[in-house]
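Engineer: okay, sequence plus prediction incoming.
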Amino acid sequence: TQLLEQSPQFLSIQEGENLTVYCNSSSVFSSLQWYRQEPGEGPVLLVTVVTGGEVKKLKRLTFQFGDARKDSSLHITAAQPGDTGLYLCAGEGTSGSRLTFGEGTQLTVNP
Amino acid sequence: GAVVSQHPSWVICKSGTSVKIECRSLDFQATTMFWYRQFPKQSLMLMATSNEGSKATYEQGVEKDKFLINHASLTLSTLTVTSAHPEDSSFYICSAAIDASNQPQHFGDGTRLSIL
């Protein structure tokens, strides 16, 4: 069974601060996805990283896939209250098909 | 973009009732649909993988007789929670994949199930 450890589990910061969320595993993933979920809604895909060492930017969000494809990070610059939500990483196994989700990071950005 | 619709979005019912949740892919055909369960402030836990025209594959610890899955067409999968009890109260989310690679998965907006 592939496991994804996500940290921190909870994060409460002030508007304008920077933060990083980590997703780690002992398993290799063929791709890794990051989602953001609002209360009462399904997760919305933010990005998919596929290549080891890959870095993708989405406005103030920077996503990185580890060289060995076992870990990933999400960095948010100058966080805003609108960034508040549950951030989930999910890895696609090398055999494909199912996604393994991390435990999630509940981010609260206070104005 | 690919849209997945889930219905109902919210249901409250008495203990012992069976509840059916529908998951539809609106603008694409989904070979595979996935059913997840999510408790408050927690992550998504895969319950089962549903393939059109065949039996669903359940994850370890998920009772197949409790959570009945039917994937009768390429655009519809249903999850029936039979004889629901308060401990079955949760947020149920489906996702659908367009092709055999099963990625990316497109998620529905979830169904909040509350059993009294």
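Structural biologist: Here it is on my side, so go on. Being a predicted model, the structure only gives us computed values, none of them experimental.

Engineer: do you know how far B:Leu26 is from B:Gln103?
Structural biologist: Applying Cβ to Cβ, to the nearest Å, one obtains 19 Å for the distance of B:Leu26 from B:Gln103. C-beta here means a position set from N, CA and C on the backbone, and glycine is covered the same way.

Engineer: between those two, which one's more packed in?
Structural biologist: B:Gln103 (18 against 11; other Cβ atoms under 10 Å in any protein chain shown).

Engineer: how about the residues of chain B near chain A?
Structural biologist: Residues of chain B lying close to chain A (Cβ under 8 Å from any Cβ of the partner chain) are B:4, B:6, B:32, B:34, B:41-46, B:49, B:91, B:93, B:95, B:101-105, B:107-110, B:112.

Engineer: can you rerun that using 10 Å?
Structural biologist: Contact residues, chain B versus chain A (Cβ under 10 Å from any Cβ of the partner chain): B:1, B:4, B:6, B:9-10, B:32, B:34, B:36, B:38, B:40-46, B:49, B:57, B:59-60, B:91, B:93-95, B:97, B:100-112.

Engineer: report the buried members of those residues.
Structural biologist: B:4, B:6, B:32, B:34, B:36, B:38, B:42-44, B:46, B:49, B:57, B:91, B:93-95, B:97, B:102-112 (16 or more other Cβ atoms under 10 Å in any protein chain shown).

Engineer: what is the least confident helix or strand in chain A?
Structural biologist: The helix or strand of chain A with the lowest confidence, counting by mean pLDDT, DSSP states H and E, is strand A:99-101 at a mean of 90.

Engineer: spell out whether it and chain B are in contact.
Structural biologist: Yes: using Cβ under 10 Å from any Cβ, strand A:99-101 reaches chain B at A:99-101.

Engineer: make a markdown table from those residues and add neighbour count to it.
Structural biologist: Putting these into a markdown table (neighbours: other Cβ atoms under 10 Å in any protein chain shown) gives the following:
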| residue | neighbour count |
| --- | --- |
| A:Leu99 | 27 |
| A:Thr100 | 20 |
| A:Phe101 | 23 |
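
Engineer: switch those residues over to CSV; also include distance to A:Tyr35.
Structural biologist: Below are the residues of strand A:99-101 next to chain B laid out as CSV (distance: Cβ to Cβ, whole Å):
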residue, distance to A:Tyr35
A:Leu99, 10
A:Thr100, 13
A:Phe101, 8
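
Engineer: and of these, the nearest to chain B?
Structural biologist: A:Phe101 (4.7 Å; Cβ to the nearest Cβ).

Engineer: what's the spatially closest residue to A:Leu3 that is not a sequence neighbour in contact with, if anything?
Structural biologist: Using Cβ to Cβ, 6 or more residues apart in numbering or on different chains and skipping the chain neighbours, the partner closest in space to A:Leu3 is A:Ser25 (6.1 Å). By Cβ atoms under 10 Å, 6 or more residues apart in numbering or on different chains, the contact set of A:Ser25 is A:2-6, A:32, A:66, A:68-72, A:89, A:91, A:100, A:102.
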